[in-house]
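[1] quick one, structure for this:
(one chain, ligands or ions: 3)
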Amino acid sequence: MSAAENQALKKVLHEHELKATSQRIALLKLLDGTSEHFDAEEIYLELRQRQKNVSRATVYRSLETLVDQNLVTKLDFGDGRMRYERSQGEDEHHDHLICERCGKVIEFFNLEMEAQQLFVCEEHDFVPSNHTMHIFGTCSDCHTLKANPEAETPSQ
Ligand SMILES: [Zn+2]
Ligand SMILES: [Zn+2]
Ligand SMILES: [Zn+2]
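    Residues are numbered from 1 along each chain as shown. Ligands and ions are numbered 1, 2, ... in the order given. Okay, here's the model as predicted:
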């Protein structure tokens with residue numbers, strides 16, 4: 001963990017008028033460094049592995065604060081567990097494919113799809129601020145298994 005990275009995150013927090021607590025920095029660092037879509041409990045467990053004295057309540061509270069400040073995005077993949085990821089800058093936007101069988105999340109970016117969305121907004125004289133697109137279905141691993149009844153189905 002570099003000091004420069006810490007400084008950068010401190011600056012980000014200060015720009016949002018948040019105190020740069022070690023907990024908030026650790027949380028942003030964790031989310032910056034992963035392509036996983038963790039839920040709050042997974043984030044808590046990850047952070048606890050990295051530093052001592054992490055309290056579940058503080059992690060949950062910090063998460064909500066960072067979501068309020070739009071530094072972290074909360075995602076609803078429809079299974080009752082809210083996931084969190086670092087909010088995306090304009091040039092790092094992505095959307096999600098979500099496997100309903102194994103829970104795998106695939107990130108994608110499709111320029112044509114994005115352009116079509118802007119087009120739809122224009123047609124309605126609507127000014128978009130942001131969007132999230134989730135496509136639910138079955139990933140390649142899971143529908144391959146389904147096609148072969150000999151293979152074991154992944155446990156939920
Ligand atoms: Zn998109
Ligand atoms: Zn799957
Ligand atoms: Zn994502």
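
[2] stretch 105-120: which residues count as buried?
    By 16 or more other Cβ atoms under 10 Å, the buried positions in stretch 105-120 come out as residue 105. C-betas here are computed from N, CA, C, even on glycine.

[3] hmm, it in reach of ligand 2?
    No - judged by Cβ under 5 Å from the ion, stretch 105-120 stays clear of ligand 2, getting no closer than 9.4 Å.

[4] which residues in the chain form strands?
    Here the chain has its strands, by DSSP state E, at 38-39, 72-76, 82-86, 95-99, 105-108, 134-137.

[5] close to ligand 2: what parts of this structure are there?
    So the chain meets ligand 2 at 99, 101, 102, 104, 139, 142 (Cβ under 5 Å from the ion).

[6] restricted to buried residues, select these in PyMOL.
    The following PyMOL line selects those of those that are buried, judged by 16+ other Cβ under 10 Å:
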select buried, resi 99+101+104+139+142
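
[7] bridge partners for the closest residue to residue 37 other than its chain neighbours, pull those for me.
    Distances taken as Cβ to Cβ, 6 or more residues apart in numbering put residue 83 closest to residue 37, at 4.0 Å, once the chain neighbours are dropped. Under DSSP bridges, the beta-bridge partners of residue 83 are residue 39, residue 75.

[8] how many other residues sit next to residue 83?
    20 (other Cβ atoms under 10 Å).
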